[in-house]
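> I would like to see how this sequence folds:
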Amino acid sequence: MNDQLQINLIEALKNVVDEAEDSKINLADSEEVEQAKRDKEFEAYLKKHNLVTNKYGDTFKKVALKSLKKGDQFWKKPDAKYSFYKGHYNRANQFEKTATYTCISENDPWGGGQCINAKAFVYIESDGAYNFTELF
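Numbering: from 1, shown residues only. From the prediction side, this is the model:
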C-alpha cells in the first residue's frame, strides 16, 4: 500500500511539473510576442519619420541635400566613418550635366571637397543638423 501511494505521489508531482513547464513556455511566448509587437511599432515609427538606425545604434534622419543650409554637417550613409559639410552650389553646365554641391569632408586636409549630386539624399543627426558656417 505504501509503495502504491508513493508511485501515485510521484506521478502527481510529474504532472504538476509538466504543467508548470508548459505555463512557463506559454508565458515566454507571450513575452516574445509583446516584444516583437513593440519592435514592429518602433520600426513603423522610424519609417514614418524618415529615421534610420545604423549598426552602432545611432539614429539618423534621411533628408535631401538641397534642404540643408551651407555649412551643415551630414553623412552620405548612416554607417559612414566621416561626415561632410555642405559647401557652395554648382549649377549644371555643358561639362557637368547635373547640378552639384561642393562638400568638404571632415578629414580632407587640403579642403578640395567632393561634388555631390544636388538631388542626393543624405543623413543628419536625428535632432537636426549641426551648422559650421565659419568653415565657409
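
> all helices for this structure, in order.
Remark: helices assigned in the chain by DSSP state H are 2-48.

> where does it have low pLDDT?
1-2, 20-29, 135-136 (pLDDT under 70).

> let me see the contact set for the most centrally placed residue in the chain.
In the chain, the centroid-proximal residue (Cα atoms, centre = their mean) is residue 53; its distance is 0.8 Å. Neighbouring residues of residue 53 by Cβ atoms under 8 Å, 6 or more residues apart in numbering: 46, 59, 60, 78. Heads up, the C-betas are built off the backbone N, CA and C, glycines and all.

> OK, contacts around the third one?
Contacts were defined as Cβ under 8 Å, 6+ apart; by that measure residue 60 touches 51, 52, 53, 54, 75, 78, 123, 124, 125, 126.

> from residue 41, how far off is residue 65?
If you measure residue 65 against residue 41 using Cβ to Cβ, to the nearest Å, the figure is 30 Å.

> more neighbours, the two?
Taking neighbours as other Cβ atoms under 10 Å, residue 65 and residue 41 compare with residue 65 leading, 20 against 10.

> so who does the more buried one touch?
For residue 65, the contacting residues are 74, 86, 101, 116, 117, 118, 119, 120, 121, 122, by Cβ under 8 Å, 6+ apart.
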